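>>> sharing a model prediction with you, sequence too.
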Amino acid sequence: MERRKFFKKAANAAVGASIIPITRITQDNCEGLADRENDKWYHLGTGKTGVPSRKKTMVYDVAVIGGGAAGICAAVAAARNGSKTVLVQDRPVLGGNASSEMRVHLNGVNDIKGKAERETGIIEEILLHNRFENEQESYPVFDHVLYDFVVREPNLTLMLNTQAIEAIMQGDTIKSALCWQGTTEILYTINAPIFIDCSGDGLLAATAGAEYRTGREGKSEFNETYAPDAPDGWQMGATLLMSSKDMGRPMKYTPPSYAIKYTHEGASKRRKFAGFQDGIWWIEIGSDDDIIGDFEVNRHKLMGYLHGVWDYIKNSGNFPEAENLALDWVGSLPGRRESRRFIGDYIVSERDMTEYRHFEDAVAFGGWSLDEHNPGGIDDISEPPSYFHHHFEQVYQFPFRSLYSKNVPNLMFAGRNVSQTHIALSSSRIMATCALQGQAVGTAATICNRKNILPREVAQKHIKELQERLLRDDVFIPKRPANDPLDLAKKASLIFGSTTASGDAMFLTNGISRDIDGKINHWQSDGLPAELQMEWESPIALSAVELKCDTNVKRNIMMRKDSRNDELYSNGVPKEMLKSIILEGRANGKWTNLGTIESNRTRLIKFKFDSTKITAIRLKMTETYGAGHVKLFEIRCY
């Protein structure tokens with residue numbers, strides 16, 4: 001059966017998961033894969049032939065495939081929690097859709113206007129790092145900020161320009177990933193007990209035989225209000241962006257030969273040009289068949305449409321404000337929204353989100369609206385580019401059971417390829433939501449390795465341990481307070497601040513590290529400098545103190561093309577963040593210095609030191625990045 005016909009048949013059936021019959025490589029038949037007699041190379045100028053000799057085998061605890069927001073957070077989480085990790089990225093830069101190659105805003109729950117607080121954990125750390133290192137808000141510099149963020153991790157290996165092309169199976173588990181690095185012509189065999197596919201399209205997972213779906217489910221299968229009456233093969237499209245520059249003088253524009261003329265005649269009123277100088281998101285093409293197989297055809301069409309739309313803006317006479325504008329950057333790699341969705345032990349659907357269902361295995365959250373795009377894309381301009389936006393009033397939970405494979409036991413995934421329906425994906429595909437999923441599976445991978453178990457057992461027997469680790473690492477899980485039995489701060493007999501303007505120092509051990517649902521969970525000083533002290537009735541052995549300070553999570557700190565700086569968006573380092581702090585410990589009535597941080601750059605502040613017997617600790621806070629007070633949300637002691 002032709003692949004295109006198989007997709008269409010699977011979509012029309014839409015009763016269960018569709019498995020594309022890609023040949024699986026097993027341990028028995030993988031030997032000699034790159035040494036087959038027909039794979040000889042011809043060396044120009046020598047007349048000699050030979051077999052490929054650049055082959056390497058690497059062994060890791062965790063292999064993460066895909067270097068977008070989800071993959072970066074998965075790899076960093078795994079490495080920081082003790083697993084020797086490799087991050088395999090098929091592009092020369094990190095960041096996926098947020099990279100300089102595509103330049104999509106790294107959105108999250110900011111779509112809930114003023115009603116939700118943004119994502120924390122590793123993704124916030126990345127965005128804060130960018131605010132320090134990339135004040136000019138340059139996308140090419142953002143690539144290098146991400147590169148720095150990854151390569152500085154001592155337990156993490158990064159492989160760029162490398163694609164995981166095939167899974168080598170041992171029974172029903174993945175033994176190895178065959179990876180081709182095009183720049184070096186090296187065929188890598190990467191062995192690991194745990195694989196995490198964050199690549200979006202999920203080629204490794206697909207070749208492993210992991211069950212997946214494509215297209216839209218029918219309304220009745222999951223009782224989804226926004227699903228079509230009957231299932232079909234439609235997948236949301238990819239978009240090509242551009243940006244322009246004001247040259248201070250009139251600039252001519254002549255479209256290239258491949259431009260597709262655009263007139264806007266008969267276009268939906270919702271196809272608007274606001275902010276066109278920074279790109280138009282609805283220059284989009286999807287597919288009702290094989291969106292991966294159609295990629296190059298769609299890319300060429302999108303390039304034609306982009307130049308056709310810019311020709312309309314420059315030369316139709318309808319946009320006099322564009323007279324001095326010239327194209328400054330034009331994308332060549334479309335940013336994709338959807339392709340494969342792999343099946344886990346649970347499939348998240350529309351009603352899980354709209355009814356804010358509680359999951360005992362919740363590890364992430366989302367809040368971007370349900371955002372279904374026009375099945376025709378720009379090919380059907382009479383239809384609105386987005387069919388609807390169902391806006392949420394609060395964030396929804398995302399369960400761990402949707403982040404590992406139902407039938408390949410050592411495979412997890414994070415990003416737009418997780419176990420969910422098409423309608424659910426219209427919300428959770430947003431990059432910051434994907435990043436939270438990534439941190440969850442990266443952290444789960446370390447539990448798997450430490451206990452010699454597989455992801456399903458983490459879900460069934462160790463979910464509380466996973467949640468507690470995520471909460472400690474500054475991930476927020478809605479309606480799930482932290483309660484780490486190892487946290488000695490909970491055993492303190494007294495905690496107080498030198499001054500208090502709002503909140504209460506006792507809130508710092510209540511397990512909720514943000515103000516949420518109208519309730520205060522912080523202590524705020526009345527001016528600076530300020531001190532906070534914690535006492536124990538009997539001496540304790542202490543080697544680590546961890547704080548969560550204020551970074552004003554009500555404002556989004558992602559990089560925007562318009563550099564917006566208002567009530568919802570910040571284009572600088574949060575002024576509320578604590579900058580300078582001293583930690584002291586008291587033993588035998590004497591205070592000694594346990595650590596000093598002069599230029600803190602993260603919400604989660606960690607002090608580590610040799611184990612010390614103390615009866616009290618004291619924090620001396622002297623400076624923020626601009627606020628006249630200091631606000632803390634949590635203190636932990638270990």
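Nice, thanks for sending it over.
>>> quick one, strands of the stretch 151-300 of the chain?
Under the criterion DSSP state E, counting those that start in this stretch, strands of the stretch 151-300 of the chain are mapped to 156-159, 162-170, 173-181, 186-191, 194-197, 212-213, 235-239, 242-246, 284-287.
>>> pick the most buried one from these.
With neighbours defined as mean count of other CB atoms under 10 Å, the strands of the stretch 151-300 of the chain peak in mean count at strand 194-197, which reaches a mean of 32. In short, each C-beta sits where N, CA and C put it, glycine included.
>>> still on that earlier bit, could the strands of the stretch 151-300 of the chain go into JSON lines alongside mean pLDDT and distance to residue 432?
Below are the strands of the stretch 151-300 of the chain laid out as JSON lines (pLDDT from 0 to 100; distance: least, CB to CB, whole Å):
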{"stretch": "strand 156-159", "mean pLDDT": "98", "distance to residue 432": "21"}
{"stretch": "strand 162-170", "mean pLDDT": "98", "distance to residue 432": "24"}
{"stretch": "strand 173-181", "mean pLDDT": "98", "distance to residue 432": "27"}
{"stretch": "strand 186-191", "mean pLDDT": "98", "distance to residue 432": "28"}
{"stretch": "strand 194-197", "mean pLDDT": "99", "distance to residue 432": "18"}
{"stretch": "strand 212-213", "mean pLDDT": "98", "distance to residue 432": "24"}
{"stretch": "strand 235-239", "mean pLDDT": "95", "distance to residue 432": "18"}
{"stretch": "strand 242-246", "mean pLDDT": "97", "distance to residue 432": "22"}
{"stretch": "strand 284-287", "mean pLDDT": "94", "distance to residue 432": "21"}
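>>> in JSON lines, list these along with distance to residue 359.
JSON lines is the format used below for those (distance: least, CB to CB, whole Å):
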{"stretch": "strand 156-159", "distance to residue 359": "29"}
{"stretch": "strand 162-170", "distance to residue 359": "29"}
{"stretch": "strand 173-181", "distance to residue 359": "26"}
{"stretch": "strand 186-191", "distance to residue 359": "32"}
{"stretch": "strand 194-197", "distance to residue 359": "20"}
{"stretch": "strand 212-213", "distance to residue 359": "20"}
{"stretch": "strand 235-239", "distance to residue 359": "25"}
{"stretch": "strand 242-246", "distance to residue 359": "40"}
{"stretch": "strand 284-287", "distance to residue 359": "30"}
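>>> residue 525 contacts residue 503, doesn't it?
No. Distance between residue 525 and residue 503: 9.8 Å, which falls outside the contact criterion (CB atoms under 8 Å).
>>> tell me the centre residue of the protein?
For the chain, the residue lying nearest the average C-alpha position, counting by CA atoms, centre = their mean, turns out to be residue 435 (2.3 Å).
>>> thinking again about what came up before, let me know which of the strands of the stretch 151-300 of the chain is the nearest to residue 485.
Between residue 485 and those, the tightest spacing by CB to CB is seen for strand 194-197, at 26.1 Å.
>>> parallel or antiparallel, which strands does that closest one pair with?
Partner strands for strand 194-197, per DSSP bridges, with pairing direction: strand 62-65 (parallel), strand 411-413 (parallel).
>>> which SSE is immediately downstream of the longest one?
For strand 62-65, the succeeding helix or strand toward the C-terminus, using DSSP states H and E, is helix 69-80.
>>> distance from the chain centre to that next one, please.
Taking CA atoms, centre = their mean, to the nearest Å, one finds the center of helix 69-80 at 9 Å from the center of the full chain.
>>> for that helix, name the packing helices and strands.
Packed against helix 69-80 by the contact rule (3 or more CB pairs under 8 Å, 6 or more residues apart in numbering; DSSP states H and E) you find strand 62-65, strand 85-88, helix 122-133, helix 139-151, strand 156-159, strand 194-197, helix 431-451.
>>> for residue 613, find the nearest of the ones you listed.
The nearest among those, by CB to CB, is helix 431-451 at 28.6 Å.
>>> so for residue 531, which of the helices and strands packed on helix 69-80 sits nearest?
The closest of these to residue 531 is helix 122-133. By CB to CB, the value is 25.2 Å.
>>> where in the stretch 1-150 of the chain is pLDDT low?
When the per-residue scores of the stretch 1-150 of the chain are filtered using pLDDT under 70, the ranges that remain are 1-53, 113-114.
>>> any idea how far residue 310 lies from residue 244?
For residue 310, the distance to residue 244 under the criterion CB to CB, to the nearest Å works out to 8 Å.
>>> find residues that contact each of the two.
Taking CB atoms under 8 Å, 6 or more residues apart in numbering as the contact criterion, the common neighbours of residue 310 and residue 244 are residue 327.
>>> who are the neighbours in contact with the residue nearest to residue 179 when sequence neighbours are not counted?
When the adjacent residues along the chain are set aside, residue 179 lies closest to residue 188, with 4.3 Å between them (CB to CB, 6 or more residues apart in numbering). Applying CB under 8 Å, 6+ apart, one finds that residue 188 lies in contact with 55-58, 159, 162, 178-181.
>>> one step back: list the contacts of the residue nearest to the centre of the chain.
The neighbours of residue 435, taking CB under 8 Å, 6+ apart as the test, are 69-70, 72-73, 108, 119, 121-123, 126.
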